[in-house]
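1. could you look at this predicted model? Sequence included:
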Amino acid sequence: QVRREPVIAAIVVDNVDKKFRIPLDKSATLKHRVIHLRSAGAYHEFYALHGVSFEIPKGEIRAIIGPNGCGKSTLLKVLSRIYVPSRGTVQVNGRVSPFLELGVGFNPELTARENVFVNGALLGLSRGELRQKFDSIIDFAELRDFVDQKLKNFSSGMQVRLAFSVAIQANAAILLMDEVLAVGDARFQERCLEVFWRYKRQ
């Protein structure tokens, strides 16, 4: 008999809630808040996630679908450890690379070259790793002619290409994607999807 090792799940979510407090007082001035102290602290609770449970085995691709406002992005932020659940547990087994808001951490006053190293460090890549991968990052982003230009002069499409190119270098076991690729052009979207299909084949 062949002894099979138990399959370890990549992600286990158990009865997770994420609750936000929505202020009822919409006042914009400090004076109004001081005069109306009682109403200033009033809020109602909003559950973006309630009783969510699921398990994803390693090596699988899953999609989270639903209408706007149903908690998809909130769930991805919980899995990325950006948000802490209000209740329940989340177990993530492996290094995570979140593709939620590409370019977070970019500095518009720095060049593309400098931003690669800043953004890569935020993703957990060492300076040595980034030096080694720098050329492939810039070439994938098609920014060879703009590498020493400040990011504030880039179009939104150029910034997305650079951010994605850095993010895919993280060699993470778990990729979490929101609707980030909706802003890229069709050709770049195809290249990004090819990267994901390559991961799937591997």
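-> Cool, the structure landed.

2. would you map the strands across this protein?
-> For the chain, the strands defined by DSSP state E cover 9-23, 43-57, 87-92, 96-99, 174-177.

3. ranking the ones you listed by mean pLDDT, which is last?
-> Lowest mean pLDDT of the strands of the chain: strand 96-99, a mean of 81.

4. in its sheet, what does it sit against?
-> Paired strands of strand 96-99, with direction, are strand 174-177 (parallel) (DSSP bridges).

5. what about the partner strand, distance to the chain center?
-> Centre-to-centre, strand 174-177 and its host chain are 7 Å apart (Cα atoms, centre = their mean, to the nearest Å).

6. any weak-confidence spans in the chain?
-> Applying pLDDT under 70 to the chain flags residues 1-7, 25-41, 103, 180-184.

7. apply 90 and report the result again.
-> The chain contains residues with pLDDT under 90 at 1-8, 21-44, 59-61, 63, 69, 81-82, 94-106, 119-126, 155-161, 163-202.

8. so where do the helices sit in it?
-> 30-35, 37-40, 72-79, 112-122, 127-141, 156-167, 186-201 (DSSP state H).

9. what's the closest of those to Leu102?
-> helix 156-167 (3.6 Å; Cβ to Cβ). For glycine as for every other residue, the C-beta is placed from the backbone atoms N, C-alpha and C.

10. what lies in contact with that closest one?
-> Contacts of helix 156-167 from elsewhere in the structure, counted by Cβ atoms under 8 Å, 6 or more residues apart in numbering, are 97, 99, 102-103, 106, 112, 115-116, 119-120, 123, 137-138, 140-143, 146, 151, 154, 180-181, 183-185, 188, 192.

11. alpha carbons of it, as PDB, please.
-> Extracted C-alpha coordinates of helix 156-167, given in PDB (Å, rounded to 0.1, in the frame of the first residue of the first chain):
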ATOM      1  CA  SER A 156      -1.500  55.300 -14.900                       C
ATOM      2  CA  GLY A 157      -0.900  52.400 -17.200                       C
ATOM      3  CA  MET A 158       2.900  52.700 -16.900                       C
ATOM      4  CA  GLN A 159       2.600  52.700 -13.100                       C
ATOM      5  CA  VAL A 160       0.400  49.600 -13.100                       C
ATOM      6  CA  ARG A 161       2.800  47.800 -15.400                       C
ATOM      7  CA  LEU A 162       5.700  48.600 -13.100                       C
ATOM      8  CA  ALA A 163       3.800  47.600  -9.900                       C
ATOM      9  CA  PHE A 164       2.700  44.300 -11.400                       C
ATOM     10  CA  SER A 165       6.200  43.500 -12.600                       C
ATOM     11  CA  VAL A 166       7.600  44.000  -9.100                       C
ATOM     12  CA  ALA A 167       4.800  42.100  -7.400                       C
END
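
12. what are the buried residues along that helix?
-> For helix 156-167, a neighbour-count test (16 or more other Cβ atoms under 10 Å) marks Met158, Gln159, Val160, Arg161, Leu162, Ala163, Phe164, Ser165, Val166, Ala167 as buried.
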